[in-house]
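Student: using only what follows, build the 3D model:
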Amino acid sequence: MLNEVVIVGWATAIPADLHRPAWLSAAQARRLDPLAALCCAAVDRLPNLSALPEDSAVIVGTAWGTIAATQRFADSLRAYGDGGASPTAFITSVHHNAAGTVGEALHLHGPAQTVSLGGCSGLAALRTGALLVASRRRPALVIAADATTPWCQAMIANVTGIAHPEVGGAIAFLLMPEGHGWRMHLGASDLPRYDAGGATPSEARVLAHQPNRSSAHHGPASWWPTVALARAPWHGDAAFAVCERESGLCLKASFVRC
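Tutor: Numbering: from 1, shown residues only. Modelled structure (predicted):
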């Protein structure tokens, strides 16, 4: 079923180049937490966004979720107690907030789901979205995104040995039941492969000696789970594979032009 679905559009966003989409009201823009802001900016760069039917699905894959808003809400509780805590921080601390924000702003009424599977969250969201498109024969927006905090970056550095992990980013995909673009297949075979996720230093050393492989850990945005998807050669024509890892779990998918 997955290889029947076509990725017809893709776009990325990083914290340094955020913008307010025209389809977001001023009130909605003021309430955006960092994760939702990244998701909206990436989605806004997708082609043919206005042609989406109202029953399109929205799937968000995220490892860290709304951690910045959650920490802000916890800080306001500690400082002011239940009566003085920020209601905006509470609303945006809900893990599903980014998916809900995108769906509400674009007036989409199809299935909405948030997938959180650590370093495998990007591919897990893509698989979920592809299954929905294949079963419903309706489009889906799939967004893989993370907006981390200094605390997150310290945790990432401790686990992976990467001294200066970046603050994250987003990649949005438009999935259709038919069209021209990329088809996804499970597994990676012997295609050129882009790796990312929560590999430990010892796992990374083993992976470094495997042929036909590029580690997305090298360079900006070194760990956020969407980095392998964001660095993949979507603008080319050659088939490739993406591999994401988390605590012994490994998800792989290959992508072929159609």
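Student: can you show me the helices along the stretch 51-200 of the chain?
Tutor: Taking DSSP state H, counting those that start in this stretch, the helices of the stretch 51-200 of the chain run over residues 67-84, 87-92, 97-105, 121-136, 150-160.
Student: turn these into a markdown table, columns for mean pLDDT.
Tutor: Putting the helices of the stretch 51-200 of the chain into a markdown table (pLDDT from 0 to 100) gives the following:
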| stretch | mean pLDDT |
| --- | --- |
| helix 67-84 | 70 |
| helix 87-92 | 65 |
| helix 97-105 | 92 |
| helix 121-136 | 95 |
| helix 150-160 | 76 |
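Student: for residue 36, find the nearest of the ones you listed.
Tutor: Nearest of the helices of the stretch 51-200 of the chain to residue 36, taken as C-beta to C-beta: helix 97-105 at 4.3 Å. In this view, the C-beta of every residue, glycine as well, is placed from N, C-alpha and C.
Student: gap between the closest one and the chain center?
Tutor: 14 Å (C-alpha atoms, centre = their mean, to the nearest Å).
Student: now the angle between helix 121-136 and that helix, please.
Tutor: Put simply, helix 97-105 runs at 40 degrees to helix 121-136, going by axes from the mean of the first three to the mean of the last three C-alpha atoms, to 10 degrees.
Student: pull out the buried residues from helix 97-105.
Tutor: Using 16 or more other C-beta atoms under 10 Å as the burial criterion, the residues of helix 97-105 that qualify are 97-103, 105.
Student: make a markdown table out of the helices of the stretch 51-200 of the chain and add distance to residue 258.
Tutor: As requested, the helices of the stretch 51-200 of the chain are exported to a markdown table (distance: least, C-beta to C-beta, whole Å):
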| stretch | distance to residue 258 |
| --- | --- |
| helix 67-84 | 37 |
| helix 87-92 | 38 |
| helix 97-105 | 26 |
| helix 121-136 | 14 |
| helix 150-160 | 35 |
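Student: so which of the ones you listed comes closest to residue 50?
Tutor: Closest approach to residue 50 among the helices of the stretch 51-200 of the chain is made by helix 97-105 (12.8 Å; C-beta to C-beta).
Student: nearest to residue 238, of the buried residues of helix 97-105?
Tutor: Using C-beta to C-beta, the buried residues of helix 97-105 come closest to residue 238 at residue 102, 31.0 Å.
Student: the closest one reaches residue 38, doesn't it?
Tutor: No. Counting by C-beta atoms under 8 Å, residue 102 stays clear of residue 38, with 10.8 Å between them.
Student: helix/strand/coil for residue 252?
Tutor: Put simply, residue 252 is strand when judged by DSSP: H, G, I helix; E, B strand; the rest coil.
Student: residue contacts, it?
Tutor: 123, 186-188, 193, 241-244 (C-beta atoms under 8 Å, 6 or more residues apart in numbering).
Student: which one of the residues you listed is nearest to residue 72?
Tutor: residue 244 (28.2 Å).
Student: what's the helix or strand where the closest one lies packed up against?
Tutor: Assigned by DSSP states H and E, residue 244 belongs to strand 240-246. Secondary-structure packing of strand 240-246 (3 or more C-beta pairs under 8 Å, 6 or more residues apart in numbering; DSSP states H and E): helix 121-136, strand 193-198, helix 227-231, strand 249-257.
Student: among those, which is the most enclosed?
Tutor: Mean neighbours per residue, mean count of other C-beta atoms under 10 Å, is largest over the helices and strands packed on strand 240-246 for helix 227-231, with a mean of 26.
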